[in-house]
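Colleague: Quick one: sequence plus predicted model below, questions after.
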Amino acid sequence: MAQAHRHGLIDATAATERLFKVYLRRPEFRPVVEARLRKAFGPEPSVVYLQADICRRELLLEIEAVCSMRQPD
């Protein structure tokens, strides 16, 4: 996220809605991943956790992030 922000790809401010899809090879890692995401991004982002086979064998998890600007009220 920080790298994308530095390159001008996203505006990672409070006005940005974030959705994470977390693909876990081993579901027992969910509490650790969940704690790290909450520490990094706070309670606001929506997170979906999925147990899944991940294409690359060396990866234990894969995270997709979708960011969009909130519409003004």
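Modeller: Nice, thanks for sending it over.
Colleague: tell me which residues in stretch 29-40 are buried?
Modeller: 33, 37 (16 or more other C-beta atoms under 10 Å). Quick note: C-beta positions are derived from backbone N, CA and C, even for glycine.
Colleague: mean confidence score for it?
Modeller: The average pLDDT for stretch 29-40 rounds to 92.
Colleague: Only C-alpha atoms, please: export that stretch in PDB.
Modeller: Written as PDB, here are the backbone C-alpha positions of stretch 29-40 (Å, rounded to 0.1, in the frame of the first residue of the first chain):
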ATOM      1  CA  PHE A  29      -2.500 -18.800  10.700                       C
ATOM      2  CA  ARG A  30      -5.600 -16.600  10.500                       C
ATOM      3  CA  PRO A  31      -5.300 -15.100  14.100                       C
ATOM      4  CA  VAL A  32      -1.700 -13.900  13.400                       C
ATOM      5  CA  VAL A  33      -2.600 -12.500  10.000                       C
ATOM      6  CA  GLU A  34      -5.700 -10.800  11.300                       C
ATOM      7  CA  ALA A  35      -3.800  -9.200  14.100                       C
ATOM      8  CA  ARG A  36      -1.100  -7.900  11.800                       C
ATOM      9  CA  LEU A  37      -3.600  -6.400   9.300                       C
ATOM     10  CA  ARG A  38      -5.500  -4.700  12.100                       C
ATOM     11  CA  LYS A  39      -2.300  -3.300  13.600                       C
ATOM     12  CA  ALA A  40      -1.300  -2.000  10.100                       C
END
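Colleague: Figure out how far it is from the centre of its chain.
Modeller: 10 Å (C-alpha atoms, centre = their mean, to the nearest Å).
Colleague: got a list of contacts for that stretch?
Modeller: 20, 22, 24, 45, 47, 49, 60-61 (C-beta atoms under 8 Å, 6 or more residues apart in numbering).
Colleague: Show the end-to-end separation of stretch 50-65, please.
Modeller: 14 Å (C-alpha to C-alpha, to the nearest Å).
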